[in-house]
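Chemist: Attaching a predicted model along with its sequence, questions to come.
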Amino acid sequence: MNKISLTLVALCAITAAFFAGRWSFSSHLEPLPIATQHVSQSPSHANIAPPAITKSCIQDVMSENHEDSGALEENEKIEQLNAQLLVVKGQLQNAYRKIDEAYALMQEAGLQQPDSFDNSIIHNNLPEPFKSAMLSHEFSIKTFFAKYIRDKRDESWAPYFENQIQDFYTLHELGHHVKLDAVICKTTFCEIRGFDIEVGANNTILEDMQRQSWFNALTSSMTQTAPPSFRELEYINQFHILIQMRDK
């Protein structure tokens, strides 16, 4: 027992001296040498040297801490994006619900029943081929046309605006690619009927006309229909435009 006690005391003294002297850091954090000793055959005399602290060890620890910090930031961003996604999903669900409610109200009001429309309005006020095209359109376009038909004509304004539209088509650089059939204005509505000789010509002219200061439209409806046997005709399609103007 005395030998064991003496050995333990010696080991404690050696360890204290080693940590006090050999484990101190220099100002440049130079690596500390590992104290190596011969290990005797007897286990009671074996000394194990503590690991050296090096720059690479410190850098590895700092790198791991940096990676952990970066991963934490990424997780926070992902959580924020998920929260925003949930908000957007809720907004979409609310919008879909409102659309469904509006559609149900339209059905209750009979706005989805084309058979209830009096097609005689179309027969009595449109020539072919525009008549057949309008009869094939949906209920909302037919009712918009009916509003135009019921609109009274303002002789102090309608002729002036008809001339404005006709002149714009005629003077436009693509005007020769369009053939107008009729331009008729009332008090708050205007109707433009015609044919495209070149693809997209009317669309371009209409877009340019909508940019004019005198063209003060509130809403409009345009339908385009290819003729049944367009190969035998000089035009590519027919267009029918209904424009509701703002208050003058």
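Modeler: Looks like it came in fine. The model shown is predicted, which means the values in this text are computed figures rather than measured ones. Numbering: from 1, shown residues only.

Chemist: how long is stretch 150-163 end to end?
Modeler: Distance between the two ends of stretch 150-163: 22 Å, counting by Cα to Cα, to the nearest Å.

Chemist: Need the residues that contact it.
Modeler: Stretch 150-163 is contacted from outside by V183, I184, C185, K186, T187, T188, F189, C190, M245, K248, using Cβ atoms under 8 Å, 6 or more residues apart in numbering. The C-beta positions use only the backbone N, C-alpha and C, and glycine is treated the same way.

Chemist: Tell me if I'm right that K142 and S120 touch.
Modeler: No. K142 lies out of contact with S120 (Cβ atoms under 8 Å); the separation is 11.6 Å.

Chemist: quick one on the thing from earlier: return a ChimeraX selection command for the buried portion of the contacts of stretch 150-163.
Modeler: The buried residues among those can be selected in ChimeraX (16 or more other Cβ atoms under 10 Å) with this line:
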select :183,185,186,188,189,190,245
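
Chemist: In JSON lines: the contacts of stretch 150-163, plus secondary structure, distance to T225 and pLDDT.
Modeler: Below are the contacts of stretch 150-163 laid out as JSON lines (DSSP: H, G, I helix; E, B strand; the rest coil; distance: Cβ to Cβ, whole Å; pLDDT from 0 to 100):
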{"residue": "V183", "secondary structure": "strand", "distance to T225": "19", "pLDDT": "98"}
{"residue": "I184", "secondary structure": "strand", "distance to T225": "19", "pLDDT": "97"}
{"residue": "C185", "secondary structure": "strand", "distance to T225": "23", "pLDDT": "97"}
{"residue": "K186", "secondary structure": "coil", "distance to T225": "23", "pLDDT": "96"}
{"residue": "T187", "secondary structure": "coil", "distance to T225": "27", "pLDDT": "94"}
{"residue": "T188", "secondary structure": "coil", "distance to T225": "25", "pLDDT": "93"}
{"residue": "F189", "secondary structure": "strand", "distance to T225": "20", "pLDDT": "95"}
{"residue": "C190", "secondary structure": "strand", "distance to T225": "20", "pLDDT": "96"}
{"residue": "M245", "secondary structure": "strand", "distance to T225": "24", "pLDDT": "88"}
{"residue": "K248", "secondary structure": "coil", "distance to T225": "31", "pLDDT": "59"}
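
Chemist: for the chain, what helix or strand is lowest in average pLDDT?
Modeler: helix 2-21 (a mean of 47; mean pLDDT, DSSP states H and E).

Chemist: Leaving out sequence neighbours, find the closest residue to C190.
Modeler: Excluding the flanking residues, the one nearest C190 by Cβ to Cβ, 6 or more residues apart in numbering is I243, at 4.6 Å.

Chemist: Name the nearest residue to H137, ignoring sequence neighbours.
Modeler: H137 sits nearest to T223 (Cβ to Cβ, 6+ apart), 6.0 Å away.

Chemist: Revised request: answer the last question for N216.
Modeler: Nearest non-adjacent residue to N216 (Cβ to Cβ, 6+ apart): R246, at 4.7 Å.

Chemist: Am I right that F195 falls within a strand?
Modeler: Yes. Inclusion of F195 in a strand is indicated when DSSP: H, G, I helix; E, B strand; the rest coil is applied.

Chemist: these two touch, right, it and F239?
Modeler: Yes. If you go by Cβ under 8 Å, F195 and F239 touch, sitting 7.4 Å apart.

Chemist: Neighbour count: those two, which is higher?
Modeler: F239 (23 against 20; other Cβ atoms under 10 Å).

Chemist: so that one bridges to which residues?
Modeler: F239 has the following beta-bridge partners by DSSP bridges: G194, Q224.

Chemist: what sits against the closest residue to K179 other than its chain neighbours?
Modeler: Spatial nearest neighbour of K179, excluding adjacent residues (Cβ to Cβ, 6+ apart): F195 at 4.6 Å. The neighbours of F195, taking Cβ under 8 Å, 6+ apart as the test, are V178, K179, D181, Y235, I236, N237, Q238, F239.
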